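1. give me a 3D structure for the following:
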Amino acid sequence: MKIGLLSDTHTKKGRSQRVINHLIANGAEFLIHGGDIVKPEILDQLKNSGVRYVAVYGNNDANLIEYHTRYNLVQEPHYFKLGGVHCKLMHLPFYMNADAEVIIFGHTHVFECDFKNSTLFLNPGEVCARDKPYSSCAMLEITEDNFIVTHYSRPVGSDTFDERHYMFERS
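-> Next up is the predicted model:
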């Protein structure tokens, strides 16, 4: 199963849509937004993407509470199973104990991919390109034996995503 990951879109609707389109074009069967969505239009993009999705509230998302029942918005930490894997989703990296196989988070605006004691910690970085001159997202592919992570980054003003690959053997 391929899972598209994005976070920290803030107000950047164009960058968000470009990332969603890129992830789906590369096979994403499910989308996960790691918080700081900010704009309800970005929730519309997720809902209208044609694939299932979940999004967690970020520290800048209090204004989205009125939309809670219209979208698949969850509070942190949110535990769920996807592709046969136990996952935990949060925005703030406050619940970093290894109580799931995959822990997805946002907030720091920095891509992170770390495999410790059979747990994958994954932050797709920032879509908004606020702290760096590029937009970032990731794809998590779950196979029977491996977690395969692709980190995508697109320099602002470019149409091309660069990619880096990581593979970790599941226990």
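
2. wait, Met1 touches Phe147, no?
-> No. Under the criterion of C-beta atoms under 8 Å, Met1 is not in contact with Phe147, lying 10.9 Å apart. Yep, even glycine has a C-beta here, placed from its N, CA and C like the rest.

3. which neighbours do the two have in common?
-> In terms of C-beta atoms under 8 Å, 6 or more residues apart in numbering, Met1 and Phe147 are both contacted by the residues Glu141.

4. of the two, who's got more company?
-> The neighbour comparison of Met1 against Phe147 (other C-beta atoms under 10 Å) goes to Phe147, with 20 against 14.

5. tell me where the longest helix sits in this structure.
-> Criterion DSSP state H: the longest helix present in the chain is helix 13-25.

6. okay, buried residues for it please.
-> Using 16 or more other C-beta atoms under 10 Å as the test for burial, helix 13-25 gives 15-20, 22-24.

7. quick check: the farthest pair among the residues you listed?
-> Farthest pair in those (C-beta to C-beta) is Arg15 and Ile24. Separation: 15.2 Å.

8. where exactly do the helices run in the protein?
-> Applying DSSP H to the chain gives helices spanning 13-25, 40-47.

9. buried set for the shortest one?
-> Spelled out, that is helix 40-47. So for helix 40-47, counting by 16+ other C-beta under 10 Å, buried means 42-43, 45-46.

10. which elements pack onto that helix?
-> Judged by 3 or more C-beta pairs under 8 Å, 6 or more residues apart in numbering; DSSP states H and E, the packing partners of helix 40-47 are helix 13-25, strand 30-33, strand 52-56.

11. and if we set it to 6 Å?
-> Here helix 40-47 touches helix 13-25, going by 3 or more C-beta pairs under 6 Å, 6 or more residues apart in numbering; DSSP states H and E.

12. can you show me the strands along this protein?
-> 2-6, 30-33, 52-56, 73-74, 78-82, 85-89, 102-104, 111-116, 119-124, 134-142, 146-155, 162-169 (DSSP state E).
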